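>>> next input, structure requested:
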Amino acid sequence: MAKRSKPQTEIPENPSTSSKIPFRPQKILKLTTTTTKLTIFPKTLSPLTSQSEITLALNHLRSSDLQLSGLIDSYTPPSFDSDRPPFQSLARSILYQQLATKAAQSIYTRFVTLCGGESLILPETLLSLTAQNLRKIGVSGRKASYLHDLAEKFTDGTLSDSAILEMDDESLLTMLTVVKGIGAWSVHMFMIFSLKRPDVLPVGDLGVRKGVKMLYGLKGLPKPLEMEELCEKWRPYRSVGSWYMWRYMEAKGVL
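Numbering: from 1, shown residues only. The predicted structure is shown next:
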């Protein structure tokens, strides 16, 4: 993971398995872009927590995008693991914003100690900490207000870990961006690396945009609509395609 500054990408640390998102498997027909063969995908895909899901994603991406296929063969398969519940992941995301990795890790370590352990990073714990308490461990006043707003949204029932796990991607984007300090980019990172959602395309992420530009030989960085169009062939595994864009840019020394 390189620098954690919006909108540039710091790839979150490898998660481990967290709670599984309940899904009801319904099926729709999906037509791949490189063949007339119909491929059947579940209407709601399973999170990227098992090797079988990753393999299914890689097979689809290889067949639907020849340029991406070469990258897939150049790197080890991706991992999307996280053992943090949603509230903890979101609090950590706020702390890491706009900081170099080492600085963010240092502050987060002190934050965990201040809370009494990572398992005690809870809404009530955060609300018991004053802005001054947080400033003493290196958290800016603005980020302290973001953390308190996040905790308040969980305390008053606007958000909850269980509700987040059940929301679809669109609802997540709507509800989480209500929290101060959490924008679309943060939500996309949260969905990919904490919830392991398979079909998230972070159109505002600089690393992914640079990867798409280089992969397809574009003259300039693609804008959100162009990103959607170019990466449509990755659907329903755009999270995995994005992961390879980060690897591609790291290999090029861009990130």
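>>> buried sites along stretch 160-167?
164, 165, 167 (16 or more other C-beta atoms under 10 Å). Using the backbone N, CA and C atoms, a C-beta is placed for each residue, glycine as well.
>>> narrow those residues to those in helices?
164, 165 (DSSP state H).
>>> and residue 57, how far from residue 89?
Applying C-beta to C-beta, to the nearest Å, the value for residue 57 to residue 89 is 22 Å.
>>> repeat for residue 179
13 Å.
>>> same thing with residue 114?
18 Å.
>>> likewise for residue 158?
17 Å.
>>> mind checking which of those two has more residues around it?
Ranked by neighbour count (other C-beta atoms under 10 Å), residue 158 and residue 89 place residue 89 first, with 22 against 12.
>>> any idea of the pLDDT on the nearest residue to the more buried one once chain neighbours are set aside?
Distance criterion C-beta to C-beta, 6 or more residues apart in numbering; nearest residue to residue 89, sequence neighbours excluded, is residue 194 at 4.1 Å. Looking at residue 194, its pLDDT is 94.
>>> same check on the one 10 residues further on?
Each residue has a pLDDT score; the one for residue 204 is 93.
>>> could we number from 46 for the rest of this?
All right, first residue 46 from here; so that's residue 249.
>>> tally of neighbours for it?
16.
>>> part of a strand, is it?
No - assessed with DSSP: H, G, I helix; E, B strand; the rest coil, residue 249 is coil; it does not lie in a strand.
>>> any idea which element the residue nearest to the spatial centre of the chain lies in?
Closest residue to the average C-alpha location of the chain: residue 234 at 2.1 Å, with C-alpha atoms, centre = their mean. In the assignment (DSSP states H and E), residue 234 maps to helix 229-238.
>>> show me what that helix is packed up against.
The contact analysis (3 or more C-beta pairs under 8 Å, 6 or more residues apart in numbering; DSSP states H and E) places helix 229-238 against helix 131-141, helix 214-221, helix 283-296.
>>> what is the mean pLDDT for the last one?
This points to helix 283-296. Here the average pLDDT along helix 283-296 is 96.
>>> ok, now the first one?
With pLDDT averaged residue by residue, helix 131-141 scores 96.
>>> one more: the second one?
For helix 214-221, mean pLDDT is 96.
>>> residue 135 contacts residue 232, correct?
No - the criterion here is C-beta atoms under 8 Å, and residue 135 misses it with residue 232 at 9.3 Å.
>>> can you list residues touching both of these two?
Residues touching both residue 135 and residue 232 (C-beta atoms under 8 Å, 6 or more residues apart in numbering) are residue 221.
>>> the two: which has the busier surroundings?
In this view residue 135 and residue 232 are compared by other C-beta under 10 Å, and residue 135 has more residues nearby, 29 against 22.
>>> and the helices in the stretch 46-195 of the chain?
Assigned by DSSP state H, counting those that start in this stretch, the stretch 46-195 of the chain shows helices spanning 96-109, 111-117, 131-141, 146-160, 168-173, 176-181, 186-200.
>>> and the second one, what does it pack onto?
In this case it means helix 111-117. Short answer (3+ C-beta pairs under 8 Å, 6+ apart): helix 111-117 packs on helix 96-109, helix 251-260, helix 283-296.
>>> give me the number of residues near the closest residue to residue 228 other than its chain neighbours?
Nearest residue to residue 228, sequence neighbours excluded (C-beta to C-beta, 6+ apart): residue 222, at 6.1 Å. Counted with other C-beta under 10 Å, the neighbours of residue 222 add up to 14.
>>> show me what contacts residue 222?
228, 229, 232.
>>> and if you look at residue 104?
Not one residue lies near residue 104 by C-beta under 8 Å, 6+ apart.
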